[in-house]
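# With the sequence up front, the predicted model follows.
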Amino acid sequence: MASTMDAHQLHRLGLSGEAAEAYLTLLAQGSRRVIPPEPVRAELAAAGLLGESGDDGVWLLNDPRQVLRAVARRHRRQAEAVLHLEHQLGSLWDRPTESGTEIVEVLHGRSAVTQVADSSQLAVRHEVRSLDRGPYSPSTAGEMCPIQRQMLPRGIRYRTVYGEDAAAAPDIRRAIGESVDLGEEARVHAAVPMRLRLMDDDLGLIVLNEEERVTGVVVHPSPLLDALIGLFDSIWRRRCPSGWPTTSRIWTTSTVRPGSCCG
């Protein structure tokens with residue numbers, strides 16, 4: 001049996017590769033009483049593939065058909081629950097669109113804001129424009145956005161105006177340098193009024209940091225979104241204030257071209 005079935009197929013039972021190989025070997029022995037290897041014994045028992053054991057270390061193999069039928073029933077119930085949830089959430093999602101009155105949505109908490117920021121970036125077709133300023137979360141400061149790392153090589157354009165606090169923090173400078181290495185167009189300005197991200201001309205996300213509380217405001221197509229796009233464009237066109245440090249002093253990476261941050 002081990003020669004006709006790929007152990008990787010057993011990942012549907014949540015088994016590791018080692019446990020799957022060991023299970024197929026036990027089945028191939030042709031006995032219902034087996035002595036499973038110690039490293040995978042608990043894993044096979046948790047999956048329901050092993051029954052009761054005796055004092056002599058011998059375990060009973062359970063009928064895998066019964067185990068798989070139970071898994072299939074559980075997955076069907078989960079799929080039905082997800083489809084029901086899809087219907088409920090879809091109704092809530094469609095409601096603002098049908099009424100035509102909802103211009104903004106308010107998100108509460110870092111997790112909700114991050115989820116929308118990531119999913120909306122993945123849907124971008126052309127460009128992401130951002131205004132970025134502190135305060136920065138200690139848990140993410142100095143790290144390049146993982147979604148941006150995915151999207152830049154795909155040809156998605158990123159343009160970001162950073163506040164002066166970004167240029168003053170070495171860990172933030174390093175993250176900016178990494179983004180610029182991958183193709184981000186970065187500029188620095190002392191008067192960045194907010195944290196804003198614009199996904200094409202389709203969606204805006206304003207992030208408000210108040211100590212430990214993070215709030216996001218999602219802006220849908222509207223005159224307000226048009227105004228935010230105009231705000232970004234006006235700041236992007238400005239040059240750095242007089243006396244601003246050179247790029248070689250702002251970023252540690254050597255690939256930033258002189259003048260690329262200041263226009």
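The structure has been received and is ready for your questions.

# where along the stretch 51-200 of the chain do the strands fall?
Ranges of strands in the stretch 51-200 of the chain, per DSSP state E, counting those that start in this stretch, are 59-61, 104-108, 127-132, 157-162, 185-188, 195-199.

# In the third one, which residues are buried?
Which is strand 127-132. Across strand 127-132, burial judged by 16 or more other CB atoms under 10 Å covers 128, 129, 130, 131, 132. In this view, the C-beta of every residue, glycine as well, is placed from N, C-alpha and C.

# Need the residues that contact it.
121, 148, 151, 156-163, 166, 192-200, 229, 231-232, 235-236 (CB atoms under 8 Å, 6 or more residues apart in numbering).

# That strand pairs with which strands, and in what direction?
strand 157-162 (parallel), strand 195-199 (antiparallel) (DSSP bridges).

# gap between it and the chain center?
Here strand 127-132 is found 17 Å from its chain centre; the criterion is CA atoms, centre = their mean, to the nearest Å.

# Wait, a helix at residue 215?
No: under DSSP: H, G, I helix; E, B strand; the rest coil, residue 215 sits outside any helix and is assigned strand.

# Enumerate every residue touching it.
106, 107, 108, 113, 207, 208.

# okay, now the domains of this protein?
7-62, 103-250 (automatic domain parsing).

# end to end, how far does the shortest one reach?
I take that to be domain 7-62. End-to-end distance for domain 7-62, by CA to CA, to the nearest Å: 18 Å.

# For the closest residue to residue 238 other than its chain neighbours, the count of nearby residues, please.
In space, and not counting its chain neighbours, residue 238 is closest to residue 189: 6.2 Å by CB to CB, 6 or more residues apart in numbering. The tally of other residues near residue 189 (other CB atoms under 10 Å) stands at 23.

# Could you report the distance from residue 189 to residue 26?
Using CB to CB, to the nearest Å, we find residue 189 at a distance of 66 Å from residue 26.

# Give me the pLDDT for residue 49.
Looking at residue 49, its pLDDT reads 90.

# Repeat that for residue 261.
35.

# still on that earlier bit, between the strands of the stretch 51-200 of the chain, which gets nearest to residue 224?
strand 104-108 (7.2 Å; CB to CB).

# Parallel or antiparallel, which strands does that closest one pair with?
strand 213-219 (antiparallel).

# TSV for the strands of the stretch 51-200 of the chain, including mean pLDDT and distance to residue 74?
TSV is the format used below for these (pLDDT from 0 to 100; distance: least, CB to CB, whole Å):
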stretch	mean pLDDT	distance to residue 74
strand 59-61	89	21
strand 104-108	88	32
strand 127-132	95	40
strand 157-162	93	42
strand 185-188	90	49
strand 195-199	95	37
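
# Next, the contact list for the spatially closest residue to residue 31 that is not a sequence neighbour, please.
Spatial nearest neighbour of residue 31, excluding adjacent residues (CB to CB, 6+ apart): residue 61 at 7.9 Å. Residues near residue 61 by CB under 8 Å, 6+ apart: 26, 27, 31, 32, 33, 34, 49, 50, 51.

# Just the buried residues of these.
By neighbour count, with 16+ other CB under 10 Å, the contacts of residue 61 hold 26, 27, 34, 49, 50 as buried.

# right, and the pair among those residues with maximum separation?
27 and 50 (11.7 Å).

# Okay, now the unreliable bits of the stretch 1-150 of the chain?
Applying pLDDT under 70 to the stretch 1-150 of the chain flags residues 1-5, 55, 88-101, 137-142.

# Tell me the one among the contacts of residue 61 nearest to residue 13.
Taking these together and measuring to residue 13 by CB to CB, the closest member is residue 49, at 7.5 Å.

# How much space separates that closest one from residue 204?
For residue 49 relative to residue 204 (CB to CB), the value is 51 Å.

# likewise residue 87?
Using CB to CB, residue 87 is found at 28 Å from residue 204.
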